[in-house]
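Q: Sequence below, structure please.
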Amino acid sequence: MKIGFIGAGNMGMALIKGILKSDFVEAEDLMLYDPVREKVEGLEREFGTVTAKDNLELTEKSDVVIVAVKPNVYDEVLKEIREKVTEEKIIITIAPGITIDHVKKLLGKGKIVRTIPNTPALIGEGITAITYSEEVKEEDKELVRKIFSTCGEIVEIEEKLIDVAMAVSSCSPAFVYMFIEALADGGVLLGLPRDVAYKLASKAVSGAGSMVFKTGFHPGQLKDMVTSPGGTTIEGIRVLEKNGMRSTVIEAVIAAYQKAKGLK
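A: Modelled structure (predicted):
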């Protein structure tokens, strides 16, 4: 099986490296193309992947084509590869706002899979939301699951919810990085060395996320376990609530979702 990647930007590169770190496919079964050839040629030298001369060659020689370009150039790329897409090829999109129907209209054929991964895929800690066109068979779905499971967890949802998933999981690493930075800045203000503050904040955030995921406990229950009566944690929570932390985060998710809906 040959997997092709059109585009090697931040998200594409995270997926490529996630797959390469797994044993799912050999490096020579990954064919890559990006207009900035240094990106994919560097991977070819380091790992032994194959660099395509253009998008047409990549599409023709790949069983699965992952289109990892920005939303504003999707139409151009899909029109370009249309002649090389067959009924049996699996075409996977990773961009917000690009619907399955839109891809179908541009390609006319193929099995369309719409996904929303996130950048922690680079270290195998990502999560990908997936939805399928009606042409995708169960064996195709299993293949897609295996591809994205090399980079972390997966969830399968209805297409109408895919852009909501994007706002919650794909945009949110940036929100979390801001939170980590703010926690560390608070520590630095109170005297911690910068490197120590970042280590403490980042491990606290990753550990708290793992607690929610692995225990299955409600986040509020886990919060309450840390919050002693009259203690330091509840004092900090009081300030966060006073300044509207929850409402601000909810509004950020809504804004990201609305932006996604306006991309096409």
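Q: next structured bit after the lowest-mean-pLDDT helix or strand in the chain?
A: In the chain, no helix or strand scores lower on mean pLDDT, DSSP states H and E than helix 10-21, which sits at a mean of 87. As assigned by DSSP states H and E, the chain's next helix or strand after helix 10-21 is strand 30-33.
Q: Tell me the gap between that following strand and the middle of its chain.
A: 19 Å (C-alpha atoms, centre = their mean, to the nearest Å).
Q: ok, now stretch 51-70?
A: Worked out by C-alpha atoms, centre = their mean, stretch 51-70 lies 19 Å from the chain centre.
Q: Please name every helix or strand in contact with the least confident helix or strand of the chain.
A: strand 3-6, strand 30-33, helix 37-47 (3 or more C-beta pairs under 8 Å, 6 or more residues apart in numbering; DSSP states H and E). C-beta coordinates here come from the backbone N, C-alpha and C atoms, glycine included.
Q: what's that helix in contact with?
A: 3, 5, 8, 25, 27, 30, 32, 34, 39, 43, 47, 49, 66, 68-69, 94, 117, 119-124, 126, 147-148, 150-152 (C-beta atoms under 8 Å, 6 or more residues apart in numbering).
Q: buried ones in it?
A: Judged by neighbour count using 16 or more other C-beta atoms under 10 Å, the buried positions of helix 10-21 are Met11, Gly12, Met13, Ala14, Leu15, Ile16, Lys17, Gly18, Ile19, Leu20.
Q: distance of the fourth one from Thr128?
A: Okay, so that is Ala14. 11 Å (C-beta to C-beta, to the nearest Å).
Q: And the strands in the stretch 101-250 of the chain?
A: Counting by DSSP state E, counting those that start in this stretch, the stretch 101-250 of the chain has strands at residues 111-116, 126-132, 152-156.
Q: per-residue confidence averaged over the shortest one?
A: Taken as a whole, strand 152-156 carries a mean pLDDT of 96.
Q: Tell me the buried residues in that strand?
A: Gly152, Ile154.
Q: and that strand with helix 10-21, angle?
A: Interaxial angle of strand 152-156 relative to helix 10-21 (axes from the mean of the first three to the mean of the last three C-alpha atoms, to 10 degrees): 120 degrees.
Q: Equivalent analysis for the first one, please.
A: Between the axis of strand 111-116 and that of helix 10-21 there is an angle of 110 degrees, by the same axes, to 10 degrees.
Q: what does the second one give?
A: Angular relation of strand 126-132 and helix 10-21 on a 0 to 180 degree scale: 100 degrees, by the same axes, to 10 degrees.
Q: mind starting the numbering at 19 from now?
A: In the new numbering, first residue 19, that becomes strand 144-150.
Q: Just give me how far strand 144-150 sits from the chain centre.
A: Distance, centroid of strand 144-150 to centroid of chain: 8 Å (C-alpha atoms, centre = their mean).
Q: Show the secondary-structure elements that that strand is packed against.
A: Against strand 144-150 (3+ C-beta pairs under 8 Å, 6+ apart) you get strand 129-134, helix 156-167, strand 170-174, helix 180-183.
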